[in-house]
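> Here is my input, please return the structure:
(one chain, ligands or ions: 1)
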Amino acid sequence: MAPPLPSSMRYVIVGAGIHGLSTAFHLARELRSRGLGSGEDVVVLEKTEAGAGASGIACGVVRNNYFQPAMSELMQACVEVWESDPAAYHYNGVGYMALGPEVQEPDLVETYERQERIGYRSTLITGEREVRRHMRELFPDWRANGVTICLHEHQGGFAFNKDSVRGLLGKAEAEGVRVVTGVTVTGFELGSDDSVKAVETDRGRVAIGDQVVVAPGPWAKHLWALLGLPARIDVRTPSGEVVRDRPMWTYWNLQEGEITVDPAMFVTADGSAPPVIHLDTDAPLLADDGTLVTDELWGIYFKRDRHGVQGGASPLVVEDDVAIDPYPSTSDVDPAFPDMWCAALSHAMSRFEGCRPHYRTARSGGVGAFTVDNFPVFDYMRPNVYTVLDSNHGYKMIGVGREVAKVVLGEHSSLLYPFRFERFASGDLHPVSHSPYPWS
Ligand SMILES: Cc1cc2nc3c(=O)[nH]c(=O)nc-3n(C[C@H](O)[C@H](O)[C@H](O)COP(=O)(O)OP(=O)(O)OC[C@H]3O[C@@H](n4cnc5c(N)ncnc54)[C@H](O)[C@@H]3O)c2cc1C
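The predicted structure is shown next:
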């Protein structure tokens, strides 16, 4: 049975996804080790159950293929957390490969050089022939065309979504954190200094002793509004131009699916677990029967799963507002997605030829909430309210909670600082890559 709602608490965390639970666990541990308290000073309020949001349906890919220096450094710290307890987090450190066409070469070279500088283990292979050779050593039936560069990250991989959330939940509860499920935050009671005095819920109010951390995933826009923050903002670009009145939040539908096959068919030449593969190419994509699927730049990602092979493709922009609940069944997937994704798997490796009938028609994918520049906002948005709004980057960002815990206890985090809200006014934005994905 879920613990009862307390009437007051020093630290209240909203949302039991990867960020809320990681923050709760790390905050509890910091409080204990610094002699400042314990997990009993922390409550997590969750409207459904732990992992009911994006963290429970994420493909679970953990990678550091980020063109933005700040993302790359933060991700290195996150991978450190995944690697710290692979058993509890159900983390598979199988590595990750980004394969791309010529247009992506400069970005991947820069990303690789930064990974070398910061000590993130990876290999870069350039040239169509060399890439093919590298891939065929791993997968003798590799046959993708138009790929001239490969960034092979030897760290990263994937974790099993719900299992890792349960792992974090167990760690937080073992530190004494109370996780109250089935309680919806409906408002914030503000004091005259704009700080939150109490969190209002559908089961009563919780007075705040110290601070609130809001980690609502796809519900970011809703919580943003409850905090009285602006729906539209002006954005100063690095050139100094100000783009006026932009919506702070937009939505994308993440398209994902799976084929039910014997997972043992997807192994490397020496029988090892395969790395996660992300393939972008401008080679024409044909279905197994030879019909053209697309002759424009396309991309997919895929990984070996427990019951087959799972992955996705570019997300779809949602033009207007979207109903988030019941999550994730409100998301729309392009009806052509299964044909495209299966054709792309077959384009990559002949072992996937004829896999279309094995596509599993099940709810897959979900809605993600994106900020105005598609990068996270990690910042205090009220004097005692820290918001963890990851712009859908963040299942892999398990280490953000470790940083947030330090910030809540008064430390500076150089890893989180580049994600402050003030960047939209100052023009200190993140550089943008050539990737078609809003999260690269
Ligand atoms: C289909 C899909 C695939 C993805 N794949 C990957 C991937 O491979 N790798 C990766 O790194 N990222 C991936 N992501 C992104 C990643 O899942 C999210 O960025 C991350 O899980 C967000 O974590 P969170 O803790 O902020 O939010 P969530 O996990 O959504 O948790 C937020 C919680 O807050 C609760 N909540 C919301 N409103 C309230 C309220 N008013 N009161 C109380 N509780 C509330 C919700 O019920 C939910 O449990 C994917 C996303 C999607 C949709």
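
> Quick check: residue 195 touching residue 386?
No. The pair residue 195 / residue 386 is not scored as a contact, 11.9 Å apart, by Cβ atoms under 8 Å. The way it works is simple: take the backbone N, C-alpha and C, and place the C-beta from them, glycine included.

> quick one, which of the two is more surrounded?
residue 386 (21 against 16; other Cβ atoms under 10 Å).

> and the gap between that one and the ligand?
13 Å (Cβ to the nearest ligand atom, to the nearest Å).

> And residue 279, by the same measure?
Taking Cβ to the nearest ligand atom, one finds residue 279 at 15 Å from the ligand.

> Give me the spatial nearest neighbour of that residue, chain neighbours excluded.
residue 99 (4.8 Å; Cβ to Cβ, 6 or more residues apart in numbering).

> So the one you found belongs to a strand, correct?
Yes. The assignment for residue 99 is a strand, going by DSSP: H, G, I helix; E, B strand; the rest coil.

> Verify the stated contact: it with residue 283.
No. Counting by Cβ under 8 Å, residue 99 sits too far from residue 283 to count as a contact (11.4 Å).

> coming back round to it: the residue nearest to residue 279 - how many residues pack around it?
Neighbours around residue 99, by other Cβ under 10 Å: 26.

> Please apply the same query to the one 4 residues further on.
Look at residue 103: counted by other Cβ under 10 Å, it has 14 neighbours.

> And for residue 319?
Neighbours of residue 319 using other Cβ under 10 Å come to 8.

> Next one, pLDDT for it please.
With respect to pLDDT, residue 319 scores 82.

> can you check residue 333 too?
In this prediction residue 333 is given a pLDDT of 76.

> what's the helix or strand for it?
Following DSSP states H and E, one finds residue 333 outside all helices and strands.

> Point out the residues in the stretch 301-440 of the chain that sit beside the ligand.
365-366, 368, 390, 392-396 (Cβ under 6 Å from any ligand atom).

> quick one: contacts for the residue nearest the centre of the chain?
Per Cα atoms, centre = their mean, the C-alpha nearest to the average position across the chain is that of residue 394, at 2.6 Å. Contact analysis of residue 394 by Cβ atoms under 8 Å, 6 or more residues apart in numbering lists 18-19, 376, 400.

> hmm, which two among those residues are most spread apart?
Within the contacts of residue 394, 18 and 376 form the most distant pair, 12.7 Å apart (Cβ to Cβ).

> joint contacts of these two?
With Cβ under 8 Å, 6+ apart as the test, residue 18 and residue 376 both reach 394, 397.

> And these two? Which one has more around it.
Set residue 18 next to residue 376 and count neighbours by other Cβ under 10 Å: residue 18 wins out with 33 against 27.

> Could I get the pLDDT score of the nearest residue to the more buried one once chain neighbours are set aside?
Once flanking residues are discounted, residue 18 sits nearest to residue 55: 4.2 Å by Cβ to Cβ, 6+ apart. Confidence at residue 55, expressed as pLDDT, is 97.

> which residues touch residue 55?
17-19, 161, 164-165, 217, 395.

> for residue 83, same thing?
91, 93, 155.

> Strands - which of those land there?
Counting by DSSP state E, these place residue 91 in strands.

> Put together TSV for the contacts of residue 83, with pLDDT and neighbour count on each row.
Putting the contacts of residue 83 into TSV (pLDDT from 0 to 100; neighbours: other Cβ atoms under 10 Å) gives the following:
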residue	pLDDT	neighbour count
91	98	25
93	98	18
155	97	22
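
> which one of the contacts of residue 83 is nearest the ligand?
Distance to the ligand, by Cβ to the nearest ligand atom, is smallest for residue 91 among these, at 12.2 Å.

> Leaving out chain neighbours, which residue sits closest to whichever residue of the stretch 51-200 of the chain sits closest to the ligand?
Minimum separation of the stretch 51-200 of the chain from the ligand (Cβ to the nearest ligand atom) falls at residue 53, amounting to 2.1 Å. Spatial nearest neighbour of residue 53, chain neighbours left out: residue 217 (4.1 Å); criterion: Cβ to Cβ, 6+ apart.

> you'd agree the one you found is up against residue 366?
No. Assessed by Cβ under 8 Å, residue 217 is found out of contact with residue 366, at 9.6 Å.

> More neighbours: which of those two?
residue 217 (29 against 26).

> and the more buried one, what does it touch?
So residue 217 contacts 15, 17, 19, 53-55, 369, 390 (Cβ under 8 Å, 6+ apart).

> if we can go back for a sec, so the residue nearest to residue 18 lies in a helix, does it not?
Yes. The assignment for residue 55 (three-state DSSP) places it in a helix.

> How confident was the prediction at the residue nearest to residue 279?
98.

> quick one, helices of the chain?
For the chain, the helices defined by DSSP state H cover 18-33, 69-84, 86-89, 105-118, 128-138, 161-174, 220-226, 337-348, 400-408, 423-426.

> hey, which of those is tucked in deepest?
Highest mean neighbour count of the helices of the chain: helix 18-33, a mean of 26 (counted as mean count of other Cβ atoms under 10 Å).

> Distance from the chain centre to it, please.
What separates the centre of helix 18-33 from the centre of its chain is 19 Å, taken as Cα atoms, centre = their mean, to the nearest Å.

> Stretch 57-69 now?
That offset, for stretch 57-69, works out to 7 Å (Cα atoms, centre = their mean).

> same thing with stretch 51-64?
6 Å.

> would you put the C-alpha positions of it in PDB?
Once non-C-alpha atoms are left out, stretch 51-64 reads as follows in PDB (Å, rounded to 0.1, in the frame of the first residue of the first chain):
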ATOM      1  CA  GLY A  51       7.400   4.900 -14.500                       C
ATOM      2  CA  ALA A  52       3.900   5.800 -15.700                       C
ATOM      3  CA  GLY A  53       5.400   8.500 -17.900                       C
ATOM      4  CA  ALA A  54       8.000   8.700 -20.600                       C
ATOM      5  CA  SER A  55      10.600   6.900 -18.500                       C
ATOM      6  CA  GLY A  56       8.500   3.700 -18.500                       C
ATOM      7  CA  ILE A  57       8.200   3.500 -22.300                       C
ATOM      8  CA  ALA A  58      11.600   5.000 -23.500                       C
ATOM      9  CA  CYS A  59      13.500   2.800 -25.900                       C
ATOM     10  CA  GLY A  60      16.200   3.200 -23.200                       C
ATOM     11  CA  VAL A  61      19.100   4.200 -25.400                       C
ATOM     12  CA  VAL A  62      22.100   5.600 -23.500                       C
ATOM     13  CA  ARG A  63      24.600   7.400 -25.700                       C
ATOM     14  CA  ASN A  64      26.900  10.400 -25.800                       C
END
